[in-house]
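S.K.: pasting the structure only:
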Ligand SMILES: Cc1cc2nc3c(=O)[nH]c(=O)nc-3n(C[C@H](O)[C@H](O)[C@H](O)COP(=O)(O)O)c2cc1C
């Protein structure tokens, strides 16, 4: 399969599956428990229909949005995800370059494989730092200061990962950092030598956001150990309020789902919230962000920017979320499979397809700008 054969999410997913060793593909593709929430994330968009208007003069389309003070040329951004250089040696660099080309925002994860500084050099576009809350408050302050010093625009604190989700596919293959592959996992690497050659002939794997601050034991400390030993499960609203005060800039919480939490986020001065169930990878059975969106927009949409992610595979999914009142939409696997399939060229192709789908969808909806998308354009079944 070649890149030019990829016309949609499923095509990219198939090409990534062909390229990646099974344990890595399943790390991206998998989710928690029975993966019910993961499936529902995309299905949720199918429960409502678009109602277009016609004869509106749609030769010029403006799909730009401003979210948390950042102007984006398109209403979709690349949500922060871990371990990208395992998927393709270009990793976060590919995503940063592609996002810059399409004038959109991208996130660097705390578990990113390229440093915030390197990503900053690649893109002058809006950069998000996805952050976890450590037991060591001094460490939290130092990491935020570092992000501030290099000009990261948006701080995104992930709040839905207070403990790890139950990813059974990873248990079956033995996927972990460092690798603890079982025999079947090893065999799945052995049958993808092209991946191994690519991986081992490029710069060694590292986790620069952590390496500089946390003793990862020269690679022997596992990510799961990092989560249990270094992160603080007692984190509460007062702790986050202090972080928001310290940051003094756009700050958002990723993984808020309830109206009560959305109100509290607004009260402590957050500029945005991302409604998210972490791509179904944390609490299985939790609601799809799209299903929860209208309730949250009605409660806090006039005070903070409401963003959503989860299950987005099409331009029309984005149009539905924006019609309900989301200010922008994040994608994860939508760009990760293209990254795994073809590096930067893959991510660019996926973002181009998204841009074209949004433009076409807006024209067919009779809209020339994002504000013209309203709930009048939607009907739930
Ligand atoms: C492989 C993978 C790694 C991820 N790593 C992180 C992470 O390090 N931090 C984080 O806040 N979210 C992480 N996420 C969640 C994404 O940021 C995003 O919320 C999710 O992927 C959206 O769902 P989608 O993949 O259906 O678009 C990860 C998701 C995937 C698929």
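M.R.: Okay, I see it. Quick caveat: nothing in here was measured; it's all calculated off a predicted structure.
S.K.: close enough to count as contact, residue 66 and residue 73?
M.R.: No: look at residue 66 against residue 73 with CB atoms under 8 Å: they stay out of range, at 11.0 Å. Any C-beta I mention is one placed from the backbone N, CA and C, and that applies to glycine too.
S.K.: Looking at residue 217 now. What's its pLDDT?
M.R.: As summarised for this prediction, residue 217 has a pLDDT of 58.
S.K.: and if you look at residue 213?
M.R.: Residue 213 is given a pLDDT of 70.
S.K.: I figured residue 111 hits residue 209, correct?
M.R.: Yes: between residue 111 and residue 209 a contact is recorded at 7.2 Å, counting by CB under 8 Å.
S.K.: Those two: which has the busier surroundings?
M.R.: Per other CB atoms under 10 Å, whichever of residue 111 and residue 209 has more neighbours is residue 209, with 24 against 19.
S.K.: Who are the contact partners of the more buried one?
M.R.: 108-112, 115-116, 143 (CB atoms under 8 Å, 6 or more residues apart in numbering).
S.K.: for it, helix, strand, or coil?
M.R.: helix (DSSP: H, G, I helix; E, B strand; the rest coil).
S.K.: From here on, call the first residue 6.
M.R.: Happy to do that; since the first residue is 6 now, the last one works out to residue 214.
S.K.: What is the end-to-end distance of stretch 123-141?
M.R.: The first and last residues of stretch 123-141 sit 25 Å apart, counting by CA to CA, to the nearest Å.
S.K.: quick one, phi psi at the residue in the stretch 206-355 of the chain that the ligand sits nearest to?
M.R.: With CB to the nearest ligand atom as the measure, residue 337 is the residue of the stretch 206-355 of the chain nearest to the ligand, at 2.0 Å. Dihedral pair for residue 337: phi -120, psi -80, per degrees, to the nearest 10.
S.K.: What is the nearest of the contacts of residue 214 to the ligand?
M.R.: For the contacts of residue 214, the nearest to the ligand is residue 114 (3.5 Å; CB to the nearest ligand atom).
S.K.: tally of neighbours for the residue lying closest to that closest one once chain neighbours are set aside?
M.R.: Excluding its sequence neighbours, the residue lying closest to residue 114 (CB to CB, 6 or more residues apart in numbering) is residue 85, at 4.2 Å. For residue 85, the count of nearby residues is 25 (other CB under 10 Å).
S.K.: Ok, residue 282 next?
M.R.: 28.
S.K.: Report the spatially closest residue to the residue lying farthest from the centre of the chain, excluding sequence-adjacent ones.
M.R.: What lies farthest from the middle of the chain is residue 60; by CA atoms, centre = their mean that is 36.2 Å. In space, and not counting its chain neighbours, residue 60 is closest to residue 371: 7.3 Å by CB to CB, 6+ apart.
S.K.: What's the separation between that neighbour and the ligand?
M.R.: Taking CB to the nearest ligand atom, to the nearest Å as the measure, residue 371 falls 28 Å from the ligand.
S.K.: Contacts only, for that residue.
M.R.: Counted by CB under 8 Å, 6+ apart, residue 371 has contacts 57-61, 63, 377.
S.K.: what does the model give residue 182 for pLDDT?
M.R.: Reported pLDDT for residue 182: 81.
S.K.: neighbours around residue 195, how many?
M.R.: By other CB under 10 Å, 10 other residues sit near residue 195.
S.K.: ugh, typo on my part, it should be residue 314
M.R.: 27.
S.K.: That one touches residue 333, doesn't it?
M.R.: No: using CB under 8 Å as the test, residue 314 is too far from residue 333 to be in contact (9.4 Å).
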